[in-house]
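A.B. asks: quick one, fold the following:
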Amino acid sequence: MVNNNLKKLQRPPRSYSESFKRLVVEEYENGHLNKDQLQRKYDIRGNQCIQNWLRKYSKLAFPVYKSIGRSMKDHDQQRLKELESELKQENKALEKRLREAEHQLSMYKKFVEIAERELNIEIRKKSGAKQFKK
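C.D. replies: Residues are numbered from 1 along each chain as shown. Next comes the predicted model:
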């Protein structure tokens, strides 16, 4: 009697088509159901099936974790540090270029000021000036 109950509980593994896997992933991405609900709805055997399908077929990013939701792998943390360092360097370079552009702008403004004064002409457009019509 006990052996019959064990046979009923132990179901053989099931194989799923690629189109079915993509359907489940798409349904998960739409946000209507979570993984547990999808597993019950489609009677999916195996606790990691949907997670593996998400990694393979999903358009969303699913990082690899040592243990579910606890910590990133060391190489992911190292890559994150490298990206932060690159962003800091790029930020410094952009700030330097901005300072140089602001300095150049102030020099052009001084040049226009001197030219207006020395040549006795108006170079800068007045705010209320009308455009020339042909």
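A.B. asks: ok, and the helix or strand in the chain with the lowest average confidence?
C.D. replies: helix 2-9 (a mean of 54; mean pLDDT, DSSP states H and E).
A.B. asks: what's the next secondary structure element after that helix?
C.D. replies: Remark: after helix 2-9, the chain's next helix or strand is helix 18-30, criterion DSSP states H and E.
A.B. asks: so how far is that next one off the chain centroid?
C.D. replies: From the chain centre to the centre of helix 18-30 is a distance of 21 Å (Cα atoms, centre = their mean, to the nearest Å).
A.B. asks: other SSEs contacting that helix?
C.D. replies: In terms of contacts (3 or more Cβ pairs under 8 Å, 6 or more residues apart in numbering; DSSP states H and E), helix 18-30 is packed against helix 35-41, helix 49-57. C-beta coordinates here come from the backbone N, C-alpha and C atoms, glycine included.
A.B. asks: tell me which of those is the most buried.
C.D. replies: With neighbours taken as mean count of other Cβ atoms under 10 Å, those reach their highest mean count in helix 49-57, at a mean of 16.
A.B. asks: tilt between that one and helix 18-30?
C.D. replies: Helix 49-57 runs at 90 degrees relative to helix 18-30, counting by axes from the mean of the first three to the mean of the last three Cα atoms, to 10 degrees.
A.B. asks: any idea of the mean pLDDT for helix 49-57?
C.D. replies: Confidence for helix 49-57, expressed as mean pLDDT, is 86.
A.B. asks: same check, this time on stretch 113-128
C.D. replies: Summarised as a single mean, pLDDT over stretch 113-128 is 85.
A.B. asks: which residues sit against that stretch?
C.D. replies: V112 (Cβ atoms under 8 Å, 6 or more residues apart in numbering).
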